[in-house]
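Novice: Predicted model and sequence follow; I will ask about them next.
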Amino acid sequence: MNLTIPLLSFDLAKNCGRSAVLATVLAAGLAGCASAPVPQGVNDPDETANRRVHAFNRGLDQALIGPAAGSYGSILPDPVKRGVANFAGNLEGPGDVANNLLQGRIGDAGQNTLRFAVNTVFGIAGLFDTATALGIPEKPTDFGETLHIWGVGEGKFVELPFAGPSTQRDFVGLVVDVAVNPVRLALPNPEAGYATLAPLASSLGDRDRYSEIVEQILYESADSYAQSRLLYLQNRRFALGQTTGEEGFVDPYEDPYAQ
Amino acid sequence: MRNDPNLNRRDFVVLLASGAATLAMPLPALALTVDGARTLVGRAVDAVNSIIASGKSEAAMFGDFERMFAKFADVPVIARSALGVAAKSASKGQLAGFTKAFQGYIARKYGRRFREFIGGRIEVTGAKPLKSYFEVASIAYLPGEAPFDLRWHVSDKSGRDLFFNLIIEGVNMLASERAEIGALLDKRKGNLDQLIADLKAL
């Protein structure tokens, strides 16, 4: 099975010259270049290759991840699963803060720092989400969002093996987030290992918790690839604030037959 | 009606019937307002909340949900839009058959997700005009989840205030169903009658 993802033509500096990217890094994201245009529709020229990866992911979920998540969900009691999810979520705090700073979002950086401190100290190393209970909700982010703020467009759609739907920009973001995860880099062994395992266990918990919707999309849709691609792109653009309310909303009264 | 939010359509009909409105009076334009859109979604949300809280069996909830959908949503327009270009060549009978099958399919598909809403609630937070229709914003609070964004697109082009699209955290129901119905139709080599028959069992 050919699982190569064509990323060769990805031009990171498409909307933002390379020197501009560097300058932005140096200025900690405070001086951004022109923001990328709001993407419309689906840019998926590598659909054939992506569909092969999707078939692989689907098979993997069916044979391994789905059943493993089911066992994880049924064996562990709810408070333990919540603790694992909280612990894994808290580990993302420092990375989120770093991204917030690169984005120039000082308020979010402060909020995520406060959350991390509260949950690490009062939430017993992050096992309890004390911060949310105190009215400090999470401001999740990632390096893909940082790239977006720096003006990098989403690029082509890519289905990643194991990780699922993504875009070229968000794939680069994922690689950077994993490679320079401050928590893992700061921890000695074997603690660094726990910091790697906890998010994986937490993902199993999520797969189990949302099994209904995941299975509806993966196994009950007529075209699970097209459905998951659409869901990912729409939700991602929404999370990045790219939904202006204008695009993607065909007025069915004006043009009921439009495709 | 536009200027008097206290006078709803039913009052107006009563007013007409009672003869209080003389024939010489110009009819007010039947225009959708922010308040009207908000009211419609408020009523739909109340209906959803009471279905969730009813404690009925899932099968009974599907029936209730389908009635709610038929009452507050513009099902014929949603169905036609989901069918896309295939609606152009469909006969009137096929369109009617498809609309009916689609309504049940939607009720079952989204009704199954209602279990996740048990113990939760939806709050309408605002409404604004958007192009030729209105967008009503709401927030869904589910137990143990971060609150999520739920938007309703409301139009009166059918002659009544009805919603025709739902956007959940940016995910557009109309767009998803277009993709899904298109794929279902492709699998049946464009045979609409076959799709209508099969949709009843999906």
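Specialist: In hand now; what should we look at? These figures come from a predicted structure and were not determined experimentally. Residues are numbered from 1 along each chain as shown, chains lettered A, B, ... in the order given.

Novice: Going by C-alpha atoms from here, please, whenever you check contacts or count neighbours.
Specialist: Fine.

Novice: quick one: is stretch B:169-182 near chain A?
Specialist: Yes. Against chain A, stretch B:169-182 shows contacts by C-alpha under 8 Å from any C-alpha of the partner chain at B:169-172, B:175-176, B:179-181.

Novice: Provide the contact partners of that stretch at residue level.
Specialist: With C-alpha atoms under 8 Å, 6 or more residues apart in numbering or on different chains as the test, stretch B:169-182 has contacts from A:221-223, A:226-227, A:230-231, A:234-239, A:243, A:248, B:78, B:81-84, B:148-150, B:165-167.

Novice: what's the spacing between the residue nearest the centre of chain B and chain A?
Specialist: The centroid of chain B falls nearest to residue B:73 when counting by C-alpha atoms, centre = their mean (2.3 Å). Distance, residue B:73 to chain A, using C-alpha to the nearest C-alpha, to the nearest Å: 13 Å.

Novice: My read is that that residue contacts residue B:160, right?
Specialist: No. Between residue B:73 and residue B:160 there is no contact under C-alpha atoms under 8 Å: 9.8 Å.

Novice: How about the secondary structure of residue A:222?
Specialist: With DSSP: H, G, I helix; E, B strand; the rest coil as the basis, residue A:222 sits in coil.

Novice: My read is that it contacts residue B:183, right?
Specialist: Yes. Taking contacts as C-alpha under 8 Å, residue A:222 lies within contact range of residue B:183: 5.6 Å.

Novice: Tell me how many other residues crowd residue B:132.
Specialist: Using other C-alpha atoms under 10 Å in any protein chain shown, the number of residues around residue B:132 comes to 13.

Novice: Identify the residues contacting it.
Specialist: Listed by C-alpha under 8 Å, 6+ apart, the contact partners of residue B:132 are residue B:155.

Novice: you'd agree residue A:181 is up against residue A:96?
Specialist: No. Using C-alpha under 8 Å, residue A:181 makes no contact with residue A:96, being 9.6 Å away.

Novice: can you map out the strands along the chain?
Specialist: Defaulting to chain A. Listed in chain order, the strands of chain A (DSSP state E) span A:157-160, A:164-167.

Novice: try chain B instead
Specialist: Assigned by DSSP E, chain B shows strands spanning B:121-130, B:133-141, B:148-155, B:162-168, B:171-172.

Novice: okay if I get those as TSV plus mean pLDDT and mean neighbour count?
Specialist: Below are the strands of chain B laid out as TSV (pLDDT from 0 to 100; neighbours: other C-alpha atoms under 10 Å in any protein chain shown):
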stretch	mean pLDDT	mean neighbour count
strand B:121-130	88	17
strand B:133-141	91	21
strand B:148-155	92	22
strand B:162-168	92	23
strand B:171-172	90	21
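
Novice: who wins for proximity to residue A:115 among these?
Specialist: Nearest to residue A:115 among those is strand B:148-155 (20.1 Å), distances taken as C-alpha to C-alpha.

Novice: residues in contact with residue B:66?
Specialist: Listed by C-alpha under 8 Å, 6+ apart, the contact partners of residue B:66 are B:103-104, B:106-108.

Novice: I'd like to know how far it sits from chain A.
Specialist: Residue B:66 is 19 Å from chain A, by C-alpha to the nearest C-alpha.

Novice: Distance of that residue relative to residue A:220?
Specialist: From residue B:66 over to residue A:220 the distance is 20 Å, taken as C-alpha to C-alpha, to the nearest Å.

Novice: now do residue B:105
Specialist: From residue B:105 over to residue A:220 (counting by C-alpha to C-alpha), the distance is 13 Å.

Novice: Tell me which of these two has more neighbours.
Specialist: Neighbours were counted for residue B:105 and for residue A:220 using other C-alpha under 10 Å; residue B:105 has more, 19 against 13.

Novice: wait, what's in contact with the more buried one?
Specialist: Here residue B:105 is in contact with B:199-202 (criterion: C-alpha under 8 Å, 6+ apart).

Novice: May I ask which of the residues you listed has the most neighbours?
Specialist: Among those, residue B:199 has the most neighbours (other C-alpha under 10 Å), with 19 neighbours.

Novice: show me what contacts the spatially closest residue to that one that is not a sequence neighbour?
Specialist: Spatial nearest neighbour of residue B:199, excluding adjacent residues (C-alpha to C-alpha, 6 or more residues apart in numbering or on different chains): residue B:101 at 5.9 Å. Going by C-alpha under 8 Å, 6+ apart, residue B:101 touches B:196-197, B:199-200.

Novice: Chain A: which of the residues you listed is nearest?
Specialist: The nearest member of these to chain A, counting by C-alpha to the nearest C-alpha, is residue B:199 at 11.5 Å.

Novice: So which residues on chain B come close to chain A?
Specialist: Close to chain A, as judged by C-alpha under 8 Å from any C-alpha, chain B has residues B:77-78, B:80-81, B:84-88, B:113, B:130-131, B:157, B:169-172, B:175-176, B:179-181, B:183-184, B:187.

Novice: and the longest helix for chain A?
Specialist: helix A:191-209 (DSSP state H).

Novice: What's the mean pLDDT across it?
Specialist: For helix A:191-209, the mean pLDDT works out to 89.

Novice: For it, enumerate the helices and strands it packs against.
Specialist: Packing contacts for helix A:191-209, counted by 3 or more C-alpha pairs under 8 Å, 6 or more residues apart in numbering or on different chains; DSSP states H and E, involve helix A:66-75, helix A:78-91, helix A:182-186.

Novice: And those helices: which comes nearest chain B?
Specialist: Ranking the helices and strands packed on helix A:191-209 by proximity to chain B (C-alpha to the nearest C-alpha) places helix A:78-91 first, at 9.6 Å.

Novice: what's next to the closest one, contact-wise?
Specialist: Contacts to helix A:78-91, defined as C-alpha under 8 Å, 6+ apart, come from residues A:73, A:116, A:119-120, A:125-129, A:183, A:195, A:198-199, A:201-202, A:205.

Novice: Please repeat the previous calculation with a cut-off of 7 Å.
Specialist: Contact with helix A:78-91 is made by A:116, A:126-129, A:183, A:198-199, A:202, A:205, as judged by C-alpha atoms under 7 Å, 6 or more residues apart in numbering or on different chains.

Novice: how many other residues sit next to the nearest residue to residue A:125 once chain neighbours are set aside?
Specialist: Leaving aside its sequence neighbours, residue A:125 sits nearest to residue A:119 (C-alpha to C-alpha, 6+ apart; 6.5 Å). Other residues within reach of residue A:119 by the criterion other C-alpha under 10 Å amount to 23.
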